[in-house]
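# dropping a prediction and its sequence here:
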Amino acid sequence: MKVEPIIDLKNVKSIKKLLADQPRNRLLFIMGINSGLRVQDLLALKVEDVKDCKIGERICLKEKKTGKENIFIMNKEIKTALDEHLEVSKLEDWQYLFKSRKGKNYPLTTYAVTMMVQEWCKAINLNINAGAHTLRKTWCYHQRKTFGVSWEVIAKRLNHSSPAITRRYLGVQEEEVEEILMNTI
């Protein structure tokens, strides 16, 4: 299934509000839309990887899919959500940050996250093809459309091996191409 980003920032705010009393899920959503990392890489994080990080600090990790090194930077929104989650969850350093409720110390699965993202979108009446990858695609979309980041910089951030992958990934719509044809020089 090809998933879509959450395009309207009002919907992003609605999901954050929906998850206000679910610190683990709120952190997952916020990290997903603020880091550009794949969900499987977020799920691999342990409490000890992030608990003492300060705003602006870099966290290094190895991507599961590619085996490449990658980083994310602790921003204010992630830090606030992280602190709330750790305060409520009382997780030990050796435990997964996004611990499943099943078993002693298993992380959520990508499938479980897909179901969660679909549920969140349904709860706010957002009808898109949603899944775990929606979080990463939402980050990409807003970097490009809201903040004007070039696709080359996004490609570097995503650790894509070719520009074609990033262009396909960004899903530039036909209307967007037609829109630029109205520009005059």
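Arrived safely, thanks for sending. Residues are numbered from 1 along each chain as shown.
# name the nearest residue to the residue nearest the centre of the chain, ignoring sequence neighbours.
By Cα atoms, centre = their mean, the chain has its centre lying nearest to Gly32, at 1.6 Å. Nearest-residue entry for Gly32: Leu135, 2.8 Å, with adjacent residues in sequence omitted and distances by Cβ to Cβ, 6 or more residues apart in numbering. Backbone N, C-alpha and C define where each C-beta goes, glycine included.
# can you check Tyr141 too?
For Tyr141, ignoring the flanking residues on the chain, the nearest one in space by Cβ to Cβ, 6+ apart is Pro5 at 3.8 Å.
# so the one you found sits in a helix?
No - secondary structure of Pro5 (DSSP: H, G, I helix; E, B strand; the rest coil): coil, not part of a helix.
# what residues are up against it?
134, 137-138, 140-142 (Cβ atoms under 8 Å, 6 or more residues apart in numbering).
# still on that earlier bit, does the residue nearest to the centre of the chain touch Gly131 like I think?
No - counting by Cβ atoms under 8 Å, Gly32 does not reach Gly131; the two are 11.3 Å apart.
# among the contacts of Pro5, which lie within helices?
The helices, defined by DSSP state H, take in 134, 137-138, 140-142 from those.
# ok, Thr110 - contacts?
The neighbours of Thr110, taking Cβ under 8 Å, 6+ apart as the test, are 39-40, 43, 132.
# and which of those residues is nearest to Lys68?
Gln40 (13.4 Å; Cβ to Cβ).
# which pLDDT does the model give the closest one?
pLDDT recorded at Gln40 is 96.
# now for this structure, the helix or strand with the poorest mean pLDDT.
Confidence across the helices and strands of the chain bottoms out at helix 174-180, with a mean of 70, counting by mean pLDDT, DSSP states H and E.
# could you verify that Cys121 is part of a helix?
Yes - assessed with three-state DSSP, Cys121 lies in a helix.
# my guess is it meets Gly131, correct?
No - using Cβ under 8 Å, Cys121 is not in contact with Gly131, being 9.7 Å away.
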